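>>> no sequence on this one, just coordinates:
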Ligand code: NAD
């Protein structure tokens with residue numbers, strides 16, 4: 001039976017021709033996700049029974065129990081950067097190789113984070129909805145120039161945000177305990193801060209660009225929100241789990257911070273009647289950070305090339 005590749009991301013289809021050809025040239029058959037949504041654990045297990053040796057995975061779940069049941073699986077290629085949906089430890093134990101498409105969507109996500117800063121500073125969703133209802137309420141906003149931007153996580157996306165914000169005349173600080181690129185800081189005139197509490201206290205805008213791990217989940221909680229300025233804007237284009245949403249609700253209602261703008265959420269889409277989603281000072285976009293023509297094309301090609309490379313390594317290891 002021919003070896004098969006399961007491709008789960010919905011947006012992969014937009015740029016599939018070239019990617020599919022690369023896989024066919026290697027002799028692989030392709031199983032596409034035709035459901036129009038993220039696959040469930042059961043659906044992945046079922047699809048994988050069909051001699052699937054490689055998966056190009058989006059945000060669909062690959063916990064240990066799923067990996068255990070994908071008997072022929074040898075390689076997982078992440079369509080994007082965040083690998084929090086994959087049990088990396090179990091994959092390693094099972095000898096399944098894993099790689100992400102680092103850097104393919106950094107520019108798209110960084111631009112979206114900057115866009116959310118403008119949307120929050122000028123109340124764009126509310127004022128636009130007002131005009132569309134034939135109102136003319138002019139809510140006063142503020143300039144980003146000279147404001148202090150605290151970037152938490154100075155990796156691929158954090159750095160792209162830092163460069164752009166510095167170009168806008170913002171005063172940029174990075175907090176990242178693992179950051180080592182002194183040259184970058186000097187080149188773009190960016191301040192480095194070793195204490196998270198200082199960044200939270202001093203920043204006008206705080207933008208999250210770190211992974212969701214056991215250590216970072218709930219990093220933004222009742223205690224850390226209280227450190228922020230009452231005028232602060234919180235931007236989250238990383239992962240919903242980084243923010244304790246009930247604490248954020250309280251902080252927004254009690255004006256402990258001014259606005260939160262997120263591209264990610266604990267439940268995507270949010271559950272009907274979620275009180276946080278209804279708040280006027282909470283902006284939410286549907287996980288579109290990486291969803292640009294350029295980002296999707298790069299992710300499709302790089303994740304395909306990565307998978308072929310991983311499966312070739314498997315051949316050598318045999
Ligand atoms: P990256 O690995 O390049 O950078 C992450 C940075 O976070 C690293 O520099 C790391 O040292 C730092 N970090 C780790 N723990 C930290 C901590 N406790 N405090 C501060 N910094 C810490 O990753 P990236 O490509 O820049 O992605 C960043 C985030 O964006 C990830 O959560 C990823 O899942 C998310 N993302 C979202 C979208 C989207 O569509 N919205 C798309 C791509 C990535």
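Noted; the coordinates are in hand. Treat the numbers as computed from the prediction; the structure is a model and nothing was measured.
>>> Now the residue in the chain positioned nearest to the ligand. Nearest residue, chain neighbours left out?
Proximity to the ligand, evaluated over the chain using C-beta to the nearest ligand atom, is greatest for residue 155 at 1.7 Å. Every residue, glycine included, has its C-beta placed from N, CA and C. Take residue 155 and drop its neighbours on the chain: the residue closest to it by C-beta to C-beta, 6 or more residues apart in numbering is residue 209, 6.4 Å away.
>>> Now for that neighbour, how many residues are close by?
Neighbours of residue 209 under the rule other C-beta atoms under 10 Å: 27.
>>> any idea how far residue 309 is from it?
To residue 309, residue 209 is 27 Å away according to C-beta to C-beta, to the nearest Å.
>>> How about the contacts made by the residue nearest the centre of the chain?
Nearest to the geometric centre of the chain sits residue 238, at 4.0 Å (C-alpha atoms, centre = their mean). Residues near residue 238 by C-beta atoms under 8 Å, 6 or more residues apart in numbering: 82, 153, 157, 208, 209, 210, 211, 212, 264.
>>> So which bits of this protein are right by the ligand?
Residues of the chain lying close to the ligand by C-beta under 6 Å from any ligand atom are 80-82, 105-106, 109, 152-158, 175-178, 209-212, 215-216, 237-239, 263-264, 287, 289-290.
>>> Strands - which of those land there?
Counted as lying in strands by DSSP state E, out of the residues of the chain next to the ligand, are 152, 175.
>>> Please, a PyMOL command that selects the buried ones among the residues of the chain next to the ligand?
Buried subset of those, written as a PyMOL selection, criterion 16 or more other C-beta atoms under 10 Å:
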select buried, resi 80+81+82+105+106+109+152+153+154+155+156+157+158+175+176+209+210+211+212+216+237+238+239+263+264+287+289+290
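>>> Break down the stretch 1-150 of the chain into its helices, ranges please.
16-25, 41-48, 64-69, 88-93, 106-121, 124-132 (DSSP state H, counting those that start in this stretch).
>>> Could you list the low-pLDDT ranges of this structure?
Filtered on pLDDT under 70, the chain yields the residue ranges 315-318.
>>> ok so, going back, could you single out the most deeply buried of the helices of the stretch 1-150 of the chain?
helix 106-121 (a mean of 22; mean count of other C-beta atoms under 10 Å).
>>> List the contacts of that helix.
Helix 106-121 is contacted from outside by 81, 124-125, 141-144, 149, 156-157, 159-161, 164-165, 168, 205, 207, 209, 233, 235, 237, 258-263, 283, 285, 288-292, 294-295, using C-beta under 8 Å, 6+ apart.
>>> Would you show me how to pick out the buried ones of those in PyMOL?
To isolate the buried ones among the contacts of helix 106-121 in PyMOL, judged by 16+ other C-beta under 10 Å, type:
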select buried, resi 81+124+125+144+149+156+157+159+160+161+164+165+168+205+207+209+233+235+237+258+259+260+261+262+263+283+285+289+290+291+292+295
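>>> Which ones among the contacts of helix 106-121 map onto helices?
124, 125, 156, 157, 159, 160, 161, 164, 165, 294, 295 (DSSP state H).
>>> Can you tell me how far the residue nearest to the first one when sequence neighbours are not counted is from residue 169?
Among residues not flanking residue 124 along the chain, residue 118 sits closest, at 7.0 Å (C-beta to C-beta, 6+ apart). Distance, residue 118 to residue 169, by C-beta to C-beta: 13 Å.
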